[in-house]
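J.: I need the structure of the sequence given here:
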Amino acid sequence: MNWGLISLIMLVVAIALGFFRKLNVGLLCIAFAVVLGRFSGFKEANVISGWSTGLFMMLLGVMFLFSIAQTNGTLELFARKVVAMTGKQTKMIPVAVYLMTTFLAAIGPGTIPVMALTMPIAMALAAETGISPVLLAPLTVLGSAAGGISPIAPTGIIGITLSAAQGIKGIDMPYFYNSLMAETIWATILYFALGGHKLKTEKVLKQSDLPPFNRDQIITSIGVVAMVLIVLVTKANVGLIAFLVGVILLLLKVADERKSISCIPWGTLVLVCGVGVLMNLAIKLKGIELLAKFLSTLMTESTASFIIGLTAGIMSWFSSTSGVVMPTLIPTVSSLMTAVGGNVSALDLVSAITMSAHTAGTSPASTGGALAMAAYAANAHITPEQQNKLFIKMFIVAACGVFVVSALAGLGLYRIWGI
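T.: Numbers count the residues shown, from 1 in each chain. Predicted structure coming up:
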């Protein structure tokens, strides 16, 4: 029996049931994983291992800290002050978010830490201004991804190192340029397609209309800034540092512990990590590999970069770009070039893999989308039905992004640097 194919079907059915029956998709995925694991011969420990402890701890830590900032009004007041700075130019908020995250990721911390640090703020802005999270969340992810391929950022270093191991050298800056180009093109398309250029507000906030930060809010702001600096300088795990800072803030009595914990979007955390439980089995049962192999049968000299990009993007909808997709696919580049022949470019293939996988990070089953779901649920207090709708919308954005960025590879744009 083809358990790989069955696992993919189960994933689709779980998402569909969650949408139409208004149930938490994560809970459904766990239930399906129990059944799939039992009949496909996996032990219960294998099923449980699909719950990503690392992702859960990062999400929980960041959400815990920012729930403190939400409970005592720090996050809302900060968002309102940012909105007041833009005046009627609300349309500039998405642009500012994209540029800020690109710069921060490029100077060293990389993609994931910057997403974790900026996503709660971006989602607070979305809740305060009414800007759709389907626009603001992807721009936060894409900006972090664009800068994250810098030669001094972790993901960029991983890509360069994996390429060098195959004798592919001298791609450092062209690789980074491709990242900036690809993510910016897709971000621009999203900005206009989702009406970012039409954003405006009738009610103009003035700084003079807003109260100053009080004692608790000032201490909380210092704590958040301290967390950011510690993560940027030491490269420490953002979730663990967030827990540390959060506990210190509670000791300083800047917020009520029970209220802060109750503000954590537990349902969203279960949704995101629960999907991972079923997805882990799909990977172990070679469901994703089955899909990738099907795509590879379509590969020719003219379609190689498009197909490999599409494959990377599909894999990254459900798994880590730097931890799974890049280490799996980049080592195949040399053999692919030999098999396909012709004028296939190494930079083209490596870029297609990385950019598509990064763009897929807006999927709510991946880290970037998961952060967005959790942060927006905490700020906007959305219902389970709204949560499931947001899940599907963000997945659609991720799917469209993978296609567009892979198409850029197919058009040869990643070869314009002459390597």
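J.: what packs against the lengthiest helix in the chain?
T.: Longest helix of the chain, by residue count under DSSP state H: helix 384-410. Taking 3 or more C-beta pairs under 8 Å, 6 or more residues apart in numbering; DSSP states H and E as the contact definition, the neighbouring helices and strands of helix 384-410 are helix 3-21, helix 133-147, helix 172-193, helix 266-284, helix 304-316, helix 346-359, helix 367-380. The C-beta positions use only the backbone N, C-alpha and C, and glycine is treated the same way.
J.: quick one: closest of the ones you listed to residue 248.
T.: Each of these has some distance to residue 248 by C-beta to C-beta; the shortest is helix 367-380, at 20.3 Å.
J.: can you list the low-confidence ranges for the stretch 151-300 of the chain?
T.: Counting by pLDDT under 70, the stretch 151-300 of the chain contains low-confidence residues at 201-205, 268, 288-289, 291-293, 295-297.
J.: right, so of the helices and strands packed on helix 384-410, which gets closest to residue 78?
T.: Go through the helices and strands packed on helix 384-410 one by one with C-beta to C-beta and the one that ends up closest to residue 78 is helix 367-380, at 11.6 Å.
J.: indicate which one of the helices and strands packed on helix 384-410 is closest to residue 389.
T.: Each of the helices and strands packed on helix 384-410 has some distance to residue 389 by C-beta to C-beta; the shortest is helix 3-21, at 7.4 Å.
J.: just after that closest one, pick out the following helix or strand.
T.: helix 25-40 (DSSP states H and E).
J.: quickly note the distance from the nearest residue to residue 173 once chain neighbours are set aside to residue 215.
T.: By the measure of C-beta to C-beta, 6 or more residues apart in numbering, the closest residue to residue 173 outside its immediate chain neighbours is residue 151, 6.9 Å from it. For residue 151, the distance to residue 215 equals 43 Å [C-beta to C-beta, to the nearest Å].
J.: of these two, which one has the most company?
T.: More neighbours surround residue 151 than the other of residue 151 and residue 215, with 14 against 10 (other C-beta atoms under 10 Å).
J.: for the more buried one, helix, strand, or coil?
T.: Under the three-state scheme (DSSP: H, G, I helix; E, B strand; the rest coil), residue 151 adopts coil.
J.: report the contact partners of it.
T.: By C-beta atoms under 8 Å, 6 or more residues apart in numbering, the residues touching residue 151 are 157, 160, 172-173, 175-176.
J.: torsion angles phi and psi at it?
T.: Here the main-chain torsion angles of residue 151 (degrees, to the nearest 10) amount to phi -60, psi -10.
J.: how far away is it from residue 405?
T.: Here residue 151 is placed at a distance of 21 Å from residue 405 (C-beta to C-beta).
J.: for burial, what's the neighbour tally of the residue nearest to residue 349 when sequence neighbours are not counted?
T.: With sequence-adjacent residues excluded and distances taken as C-beta to C-beta, 6+ apart, residue 349 is closest to residue 333, at 4.8 Å. A total of 24 residues lie near residue 333 under the criterion other C-beta under 10 Å.
J.: quick revisit: buried subset of the contacts of residue 151?
T.: Buried subset of those (neighbour count, 16 or more other C-beta atoms under 10 Å): 157, 160, 172, 175-176.
J.: secondary structure class for residue 254?
T.: Put simply, residue 254 is coil when judged by three-state DSSP.
J.: thought residue 68 was touching it, still the case?
T.: Yes. Using C-beta atoms under 8 Å, residue 254 and residue 68 qualify as a contacting pair, with a distance of 6.8 Å.
J.: now the helix or strand hosting the residue nearest to residue 349: mean pLDDT?
T.: Assigned by DSSP H and E, residue 333 falls within helix 333-340. Taken as a whole, helix 333-340 has an average pLDDT of 75.
J.: which other helices and strands contact that helix?
T.: Using 3+ C-beta pairs under 8 Å, 6+ apart as the contact test, the elements touching helix 333-340 are helix 304-316, helix 346-359.
J.: out of those, which is closest to residue 45?
T.: With C-beta to C-beta as the criterion, residue 45 lies closest to helix 304-316 of the helices and strands packed on helix 333-340, at 24.3 Å.
J.: mind saving the C-alpha coords of stretch 390-400 as PDB?
T.: What follows is stretch 390-400, C-alpha atoms only, in PDB (Å, rounded to 0.1, in the frame of the first residue of the first chain):
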ATOM      1  CA  LEU A 390      -6.500  32.800   7.900                       C
ATOM      2  CA  PHE A 391      -4.600  29.400   7.800                       C
ATOM      3  CA  ILE A 392      -6.000  28.700   4.300                       C
ATOM      4  CA  LYS A 393      -5.400  32.200   3.000                       C
ATOM      5  CA  MET A 394      -1.800  32.200   4.100                       C
ATOM      6  CA  PHE A 395      -1.300  28.800   2.600                       C
ATOM      7  CA  ILE A 396      -2.600  30.100  -0.700                       C
ATOM      8  CA  VAL A 397      -0.300  33.100  -0.500                       C
ATOM      9  CA  ALA A 398       2.600  30.700   0.100                       C
ATOM     10  CA  ALA A 399       1.600  28.500  -2.800                       C
ATOM     11  CA  CYS A 400       1.400  31.500  -5.200                       C
END
